[in-house]
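J.: take a look and give me a structure for this.
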Amino acid sequence: MLELTPWSLPPLLAAMVCGAIFFRLRQNDHVPGVNALLLLLLAIAFTSICQAIALCLTNETMQGLVVRMSYLGVLIAPLAWFSFCLAYSRRQLHISRIILNIICILPLVTLLLSITNDWHHWLLLPGSVGDLLIPGP
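T.: Prediction:
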C-alpha cells in the first residue's frame, strides 16, 4: 500500500522545514503578522505532507482522496499570505466581514469543486490521479 520513492522526499523535507520554522516562530507572538504566518506554514506543511503521502501510495483511489485533501492547504495558503501581508505591513486597514466573505468565496468554490470532481471533472480528468495529473477543461 505504501512505497517510499525518491519523489516523496522533497515534500517531506518541505514539511519538516515548515514545522521547524513554525515551532521557532510560535514563541514570537508579539511580532506583527506572526499568527497569519503560522497559519501559512501550517497550510504549506499540510499540503506537503499530503503530497508526500500521495506519492507513496500505490492505490489510485487513496491517491485521489489524499490529493483532494491537499486542496484544503492549497486554498488556505493564499488567504493566510494575504492576511500576513496586511498585518506585517502594519496597515491600519481593517477588513470588514463583508469583504472577508467576498475574498473567501473563490477558495470555497474551488474546495467544493475538488470535493465533487467525480461528478463534473472540472479540476482533474478521470484517471489522472495515478502517474500524471491531467487538468480538466
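
J.: against which helices or strands is the longest helix along the chain packed?
T.: Assignment by DSSP state H gives helix 60-88 as the longest helix of the chain. Other helices and strands packing on helix 60-88, by 3 or more Cβ pairs under 8 Å, 6 or more residues apart in numbering; DSSP states H and E, are helix 34-56, helix 97-115. The C-beta positions use only the backbone N, C-alpha and C, and glycine is treated the same way.

J.: kindly calculate the angle that the longest one makes with helix 60-88.
T.: In other words, helix 34-56. Calculated by axes from the mean of the first three to the mean of the last three Cα atoms, to 10 degrees, helix 34-56 forms an angle of 160 degrees with helix 60-88.

J.: residues in contact with stretch 76-86?
T.: Applying Cβ atoms under 8 Å, 6 or more residues apart in numbering, the set of residues contacting stretch 76-86 from outside is 33, 36-37, 39-40, 43-44, 47, 93, 95, 103-104, 107.

J.: now compare those residues and name the two farthest from each other.
T.: Using Cβ to Cβ, the two most remote members of the contacts of stretch 76-86 are 47 and 93, lying 27.9 Å apart.

J.: who has more neighbours, the two?
T.: residue 47 (23 against 8; other Cβ atoms under 10 Å).

J.: ok, the more buried one touching residue 74?
T.: Yes: in this structure, residue 47 is within contact of residue 74 by Cβ atoms under 8 Å, at 5.5 Å.

J.: mutual contacts of the two, please.
T.: Joint contacts of residue 47 and residue 74 (Cβ under 8 Å, 6+ apart) do not exist.

J.: how about residue 49: what's its closest non-neighbour residue?
T.: Nearest residue to residue 49 in three dimensions, chain neighbours excluded: residue 15, at 4.9 Å (Cβ to Cβ, 6 or more residues apart in numbering).
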